[in-house]
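Trainee: Return a 3D structure for these sequence lines:
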Amino acid sequence: MISPVVEEWVGNETVLSRGGVGRLVLAPNEFLGRADLVTNEEVLVPLLKHCGLRVTVAQIVEHMELFLNYARPKGKPNLPRKACRFQAWKLKRLVSVFSRVAKRSHYPRERGIRRIFTGAGIPLPSDPRHLPNKAIYIASYIFFSW
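Mentor: Down below sits the predicted model:
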């Protein structure tokens, strides 16, 4: 394999089975949100780790084509470029959703989003529940909730 992203996708059985079907990103709704980040965690972490938050659709298409051509069962034709591009746009949208979550600089509630942070090598914001002075946390919560 040429790409480290594709190598990590091939190493994961869940992602490899998704690639065999031809749908790498699972998104039941038209609009992607935080819940879709957790659903597609295995796909998103290697991409964020090796390409970062400012990845382009063209870069994702290259990785996607390499992987989908590898994961396709023998004897089945490769997916058309249009299908790879459609999946790449969905993955780019997931990167954008994660970028918005990361920019908020709050400690994420969802365990899956915390796993994305740590898997991609991005340090987690500090957990306000573990601050040494809880009075400051309570005062800031009261102040900003008005």
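
Trainee: Could you look up the SS state of the residue nearest in space to the middle of the chain?
Mentor: The residue lying closest to the centre of the chain (CA atoms, centre = their mean) is residue 44, at 2.6 Å. Put simply, residue 44 is helix when judged by DSSP: H, G, I helix; E, B strand; the rest coil.

Trainee: Quick check: it vs residue 77, distance?
Mentor: The spacing between residue 44 and residue 77, counted by CB to CB, to the nearest Å, is 27 Å. In short, each C-beta sits where N, CA and C put it, glycine included.

Trainee: The residue nearest to the centre of the chain touches residue 92, doesn't it?
Mentor: No: here residue 44 lies out of contact with residue 92, judged by CB atoms under 8 Å, at a distance of 10.8 Å.

Trainee: quick one: buried residues of the lengthiest helix in the chain?
Mentor: For the chain, the helix reaching the highest residue count under DSSP state H is reported as helix 81-103. Using 16 or more other CB atoms under 10 Å as the test for burial, helix 81-103 gives 84-85, 87-88, 90-95, 97-98, 101-102.

Trainee: which helices and strands does that helix pack with?
Mentor: Using 3 or more CB pairs under 8 Å, 6 or more residues apart in numbering; DSSP states H and E as the contact criterion, the neighbours of helix 81-103 among helices and strands are helix 34-39, helix 41-51, helix 57-71, helix 111-119.
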